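Novice: Predicted model and sequence below, questions to follow.
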Amino acid sequence: MIRWLRPFVFPALLLVALEIWARTVGAGSDAVAPPSAALRAFAAALVDGSLLAATAFTLGSAALGLLVGGGLGVALGTLLGLSPRASRLGFVSVELLRPVPSVALIPLAMLVFGFGLRMEISVVAFACLWPMAMLTQAAAQQVEPRLLEVARALQMNAWQRFAWIVGPAMVPRLFVALRLGVAIALVVAVTVEIAANPNGMGYAMMIAQQGLDPALMLAWLLWIGVVGFAINAAATWVQQRVARRMGEGRP
Amino acid sequence: MTECVLEFDRVAIHLGGREILSPTSVRVERGEFVCIIGPSGCGKTTLLRAAAGFVAPSSGQVTRRGQPITGPSREVAFVFQDYGRALLPWRTVARNVALALEAARVPAAEQSAHIERVLATVGLGAHAHKFPAQLSGGMQQRVQIARCLAQAPELMMMDEPFGALDAMTRESLQDELARLVREQGLTVLFVTHDLEEAIYLGDRVLALRANPTPEQPSLAALIEVPLPKPRSQLATKEHPEFLRLRRELYQYLGH
């Protein structure tokens, strides 16, 4: 029990320090509120339903954007990784599009889709697509060459080679890509909301800031941190379950 | 009557502009166990890979039952030295063996009986549901051999299969392989750098030479092993004929 609590000692101390500081030196500040006030603001947002609605919007658009961008990224990366010809043909296009900062697409996305879900999904999808495509391409290219010889020795056709050898061999690296994609999706979704889209957690935090309500702003900030932590933990858990099913980490 | 299964007809192989193997002609009969020895870089693995269809000879040709080899075939099983990389780490032992049956389109209903029999043959009956990472090196190599047996191959190519194993495991796997060959009438091409292993297992030993020249071609010697079978690790290795062959072949290992 004590051992399990140990990692929480430092964050708790930090919160206590912030509480004391905000009530003494920083009293009356427009930027910092004591965590106890943030907790009250959090409870109020929870009760009036705005917390749930904003969280659902942000997570929903991050998930849909990840689905679209990740799906396209894995498909594109697999194609680029397995076909040297596709890789040669697509090289310049990919290298031109990949370095475009995803938030630089916000004005274009706003013109095309207006405010709302579709605009946010498109920017998240663009942001997730390239890193996931690159990692997938590497995964497809780094299949153990000996296994490809086993496929040759057994006279597998292209489909069998992919279904039995290349595909499963890519899975561990695809999970690395997925975890990266999850992190990017959440960051970009909140960024889009702060910068443009009048929805979700990022927008709610902006409104709290502009309404000179540091307690509510702090509440959103901490909540976004908690949500990010929970999502990453869930992705790690799924990754470990799949890895175990695929024979890793057994004694 | 003997029947020629595999024939190398003046097979030569160049890699990177260098002649690895000068023209070599050898015939392998059905049921024969031919060991290939030679120093590193003499082209023994390359010769085996050409026979399996993984590489095409630069000149000459390899024929199997009279047909030129154009690529790998399921009728030829290949046991790689690095068993750890040749097994699918995400499949259990039984499913690794199943891979050969799936590729041969054996109906799913018949697979489990096949797998059980093959695993029992290599002594892995109790480990069917383990993953490769849970097995020792010797057991992993048994899994690869089981997968090759599941192919019901006409020919078995083995590329230093026991080279990475400790001496004890190697000897027990040698005896098991000899038993399998005896029981199932396998034809085996076996590459090794271990002279005693070659004499102990082989019906014939083919010695290759590194850096061949027109005067000194790759094929240094092709020697019959008239030792009685079944062989035993103690008696056979103390047999005067074994010692004589060992002395005769010793020079071809680059000494």
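Specialist: Yes, it's here.
Novice: next one: phi and psi at residue B:67?
Specialist: According to degrees, to the nearest 10, the main-chain angles of residue B:67 amount to phi -100, psi 130.
Novice: The helix or strand harbouring residue B:221: which residues count as buried?
Specialist: Element membership of residue B:221, judged by DSSP states H and E, is strand B:219-224. For strand B:219-224, the neighbour count (16 or more other C-beta atoms under 10 Å in any protein chain shown) marks B:219, B:220, B:223 as buried. Every C-beta, even on glycine, is put in place using the N, C-alpha and C of the backbone.
Novice: Ok, stretch A:165-183 next?
Specialist: For stretch A:165-183, by 16+ other C-beta under 10 Å, it's A:165-166, A:168-170, A:172-175, A:177-183.
Novice: which among the buried residues of strand B:219-224 gets closest to residue A:24?
Specialist: residue B:220 (91.0 Å; C-beta to C-beta).
Novice: follow-up on the earlier one: send the alpha carbons of the strand holding residue B:221 over as PDB?
Specialist: Only the C-alpha atoms of strand B:219-224 are listed here, as PDB (Å, rounded to 0.1, in the frame of the first residue of the first chain):
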ATOM      1  CA  LEU B 219      35.900 -29.700 -55.000                       C
ATOM      2  CA  ALA B 220      38.800 -30.900 -53.000                       C
ATOM      3  CA  ALA B 221      37.600 -34.400 -52.200                       C
ATOM      4  CA  LEU B 222      34.500 -36.500 -52.200                       C
ATOM      5  CA  ILE B 223      35.000 -39.400 -49.800                       C
ATOM      6  CA  GLU B 224      32.800 -42.400 -48.900                       C
END
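Novice: I'd like the next helix or strand past that strand.
Specialist: Sequence-wise, the next helix or strand downstream of strand B:219-224 (DSSP H and E) is helix B:235-238.
Novice: neighbouring contacts of that next one?
Specialist: B:196, B:200, B:227, B:242 (C-beta atoms under 8 Å, 6 or more residues apart in numbering or on different chains).
Novice: separation between the last one and residue B:160?
Specialist: Looking back up the chat, that one is residue B:242. For residue B:242, the distance to residue B:160 (C-beta to C-beta, to the nearest Å) stands at 21 Å.
Novice: farthest pair in the contacts of helix B:235-238?
Specialist: Among these, the pair separated by the greatest distance (C-beta to C-beta) is B:196 and B:227, which sit 11.9 Å apart.
Novice: what does the stretch 151-255 of chain B have sitting close to chain A?
Specialist: Contacts of the stretch 151-255 of chain B with chain A, taken as C-beta under 8 Å from any C-beta of the partner chain, map to residue B:151.
Novice: which residues of the stretch 151-255 of chain B fall in strands?
Specialist: Taking DSSP state E, counting those that start in this stretch, the strands of the stretch 151-255 of chain B run over residues B:155-159, B:188-191, B:204-208, B:219-224.
Novice: And the closest residue to chain A within the stretch 51-200 of chain B, how close does it get to residue A:73?
Specialist: Closest contact between the stretch 51-200 of chain B and chain A, by C-beta to the nearest C-beta, is at residue B:131 (3.3 Å). Note on residue B:131: its distance to residue A:73, by C-beta to C-beta, is 30 Å.
Novice: cool, and residue B:156?
Specialist: 43 Å.
Novice: I'd like to know the beta-bridge partner residues of the closest residue to residue B:57 other than its chain neighbours.
Specialist: Once flanking residues are discounted, residue B:57 sits nearest to residue B:11: 4.6 Å by C-beta to C-beta, 6 or more residues apart in numbering or on different chains. Note on residue B:11: beta-bridge partners residue B:24, judged by DSSP bridges.
Novice: what do you get for the one 4 residues further on?
Specialist: Each beta-bridge partner of residue B:15 is listed here: residue B:18, as defined by DSSP bridges.
Novice: Would you check how far apart it and residue B:211 are?
Specialist: 13 Å.
Novice: Is the residue nearest to residue B:57 in contact with residue B:55, as I believe?
Specialist: No - look at residue B:11 against residue B:55 with C-beta atoms under 8 Å: they stay out of range, at 10.6 Å.
Novice: Of the two, give the one with the bigger neighbour count.
Specialist: Counted by other C-beta atoms under 10 Å in any protein chain shown, residue B:11 and residue B:55 do not tie: residue B:11 has more neighbours, with 24 against 15.
Novice: hang on, residue B:56 in a strand?
Specialist: No - secondary structure assignment places residue B:56 outside any strand; it is coil (DSSP: H, G, I helix; E, B strand; the rest coil).
Novice: Which residue is the nearest non-sequential neighbour of it?
Specialist: residue B:50 (7.2 Å).
Novice: OK, contacts around the residue in chain A positioned nearest to chain B?
Specialist: Closest residue of chain A to chain B, C-beta to the nearest C-beta: residue A:247 (3.3 Å). For residue A:247, the contact set (C-beta under 8 Å, 6+ apart) comprises B:89, B:90, B:91, B:92, B:131, B:132, B:133, B:134.
Novice: Can you check what pLDDT the model gives it?
Specialist: With respect to pLDDT, residue A:247 scores 80.
Novice: now residue A:1
Specialist: 65.
Novice: residues from the stretch 1-150 of chain B in reach of chain A?
Specialist: Checking the stretch 1-150 of chain B against chain A by C-beta under 8 Å from any C-beta, the hits are B:52, B:54, B:71-74, B:76-78, B:80, B:82, B:85-86, B:88-92, B:99-100, B:102-104, B:131-134.
Novice: Would you list the buried entries among those?
Specialist: B:52, B:54, B:72-74, B:76-78, B:80, B:82, B:86, B:88-92, B:99-100, B:102-104, B:131-132.
Novice: Show me these that map onto strands.
Specialist: B:76, B:77, B:78 (DSSP state E).
Novice: Does the second one touch residue A:154 like I think?
Specialist: No - between residue B:77 and residue A:154 there is no contact under C-beta under 8 Å: 9.2 Å.
Novice: got any residues that touch both of those two?
Specialist: With C-beta under 8 Å, 6+ apart as the test, residue B:77 and residue A:154 both reach residue B:151.
Novice: ok, the buried residues of strand B:219-224 vs chain A, which is closest?
Specialist: residue B:219 (25.9 Å).
Novice: got the contact list for that closest one?
Specialist: Contacts of residue B:219 (C-beta under 8 Å, 6+ apart): B:22, B:24, B:25, B:26, B:206, B:207, B:208, B:209.
Novice: try 6 Å this time
Specialist: Applying C-beta atoms under 6 Å, 6 or more residues apart in numbering or on different chains to residue B:219 gives the contacts residue B:24.
Novice: Residue A:50 too?
Specialist: Neighbours of residue A:50 in contact, by C-beta under 6 Å, 6+ apart: none.
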